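Peer 1: pasting the sequence and the predicted coordinates here, then a few questions.
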Amino acid sequence: MYGPGLQLKQIMTIERHILEEQKIHPEATGTLTTLLYDLALAGKFIAANTARAGLVEILGSTDEYNVQGEQVMKLDQLADSTIYRFNDHTGRLAGMASEEHEGIIPIPDKYPTGKYILLFDPLDGSSNIDYNTTIGTIFSVYRRISSEGPGVIEDFLQPGRNLVVAGYLIYSVSTMLVYTSGTGVHGFTLDPSVGECLLTHNDIRIPEKPKYYSINQGYERYWGEGVSRFTKYVQGLEGGGKSLSSRYIGSLVGDFHRTLLSGGIFYYPADHKDPSKPDGKLRLLYEAAPLAFIAEQAGGYASNGRQSILDIQPQSLHQRTPLFIGNRELVEKAEEYIRRYG
Ligand code: FDP
């Protein structure tokens, strides 16, 4: 039963919302609707497991390293296989790609292939897992380019402008699913008592007045001059800048979600910390591009410091990119500093 705290004027479940969205597209076959519904369901499974993380034997890391050379946490594997198992057999997808797998994840031969491509970061911010801090799942869907059979690499290497759907789940004080299919950004909060995601944030717009800037200041000595000076700008120390407050969780989904709701900028720039990662740490295809699509749909903007994230033509599945995301005015100011000072 709903408690007295539930103040929703209208109860809009995620299912109902997705179906209403489908009506805007009369040509829709319902494939995307069911795909989204299953992603929400997979998210609920992952949320249920993250909620029990301290109680069952899934905390901590495995002895394996993923393709990025990062240690795989047990919850990462669980999230990865949950999303895979919800989507391998449905006939909706031509293939999948995940942070945890080096190549394309094929649809098993015994199942039909479909017209969409799914990319995901099953558990983003996983270095936070052992500290009971915000983590998330990011997903994105493209239409395949090839005509039939198993998806090929070109189906995956599409610029973010081609995205059909992008979203994330955030596992925090509450679990939320936020997504866009190109008609605004909508947020649903999981009511654990009934197991439903209910619309709580309709048509999210990034507030015009920015509140926070967000960057890992611990790496300051590795930044280029443009990023250093821009950071002074958001601190109000240079160029008549903003004097914003600072927040950094170290979980992209958490830092982005706060930026979306509070206004401001999150940035993970290119730096000189690790010569093998000249473009920073974040991945273009399954981290930056989906969040860039959401940011633009909410009135914001995302850039790699020189061009829109959504216009970058990916060259490889796990390509990294610098990311500046949030209020358009701030992201464009960052671009200006980088153009001028490098
Ligand atoms: P994590 O390594 O914990 O998975 O995508 C990787 C990511 O987290 C992002 O979620 C987060 O924004 C960033 O790395 C944090 O990196 P730093 O620890 O270098 O700040």
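Peer 2: Cool, got the structure. As the structure is a computational prediction, the values presented were derived from the model and not from experiment.
Peer 1: show me where this protein has its helices.
Peer 2: Applying DSSP state H to the chain gives helices spanning 14-24, 31-51, 74-87, 153-156, 225-234, 252-262, 289-297, 328-341.
Peer 1: among the ones you listed, which is the most enclosed?
Peer 2: Comparing these by mean neighbour count (mean count of other CB atoms under 10 Å), helix 289-297 comes out on top with a mean of 27. All C-beta atoms are positioned from the backbone trio N, CA, C, and that covers glycine.
Peer 1: what sits up against that one?
Peer 2: Applying CB atoms under 8 Å, 6 or more residues apart in numbering, the external contacts of helix 289-297 come out as 119, 138-140, 159-160, 163, 166-168, 178-180, 182-185, 206, 252, 256, 260, 301-302, 308-310, 312, 323, 325-326.
Peer 1: I'd say residue 96 and residue 105 touch.
Peer 2: Yes. Contact criterion CB atoms under 8 Å: residue 96 and residue 105 qualify, at 4.2 Å.
Peer 1: residue of the stretch 51-200 of the chain nearest the ligand, please.
Peer 2: The ligand sits closest to residue 127 of the stretch 51-200 of the chain, with a gap of 3.3 Å, by CB to the nearest ligand atom.
Peer 1: so how many other residues sit close to the closest residue to that residue other than its chain neighbours?
Peer 2: Nearest non-adjacent residue to residue 127, counting by CB to CB, 6 or more residues apart in numbering: residue 250, 6.7 Å away. Neighbours of residue 250 under the rule other CB atoms under 10 Å: 15.
Peer 1: ok so, going back, shared neighbours, residue 96 and residue 105?
Peer 2: By CB under 8 Å, 6+ apart, the residues touching both residue 96 and residue 105 are residue 84.
Peer 1: got a list of what the residue nearest to residue 141 when sequence neighbours are not counted touches?
Peer 2: Closest residue to residue 141 apart from its sequence neighbours, by CB to CB, 6+ apart: residue 165 at 4.2 Å. Residue 165 makes contact with 32, 35, 36, 139, 140, 141, 179, 180, 181, 182 under the criterion CB under 8 Å, 6+ apart.
Peer 1: list, one by one, the residues from the stretch 1-150 of the chain near the ligand.
Peer 2: 124, 125, 126, 127, 128 (CB under 6 Å from any ligand atom).
Peer 1: please tell me the pLDDT value assigned to the second one.
Peer 2: Per-residue pLDDT puts residue 125 at 92.
Peer 1: can you list the low-confidence ranges for this protein?
Peer 2: 1-9, 54-63, 66, 68, 70-73 (pLDDT under 70).
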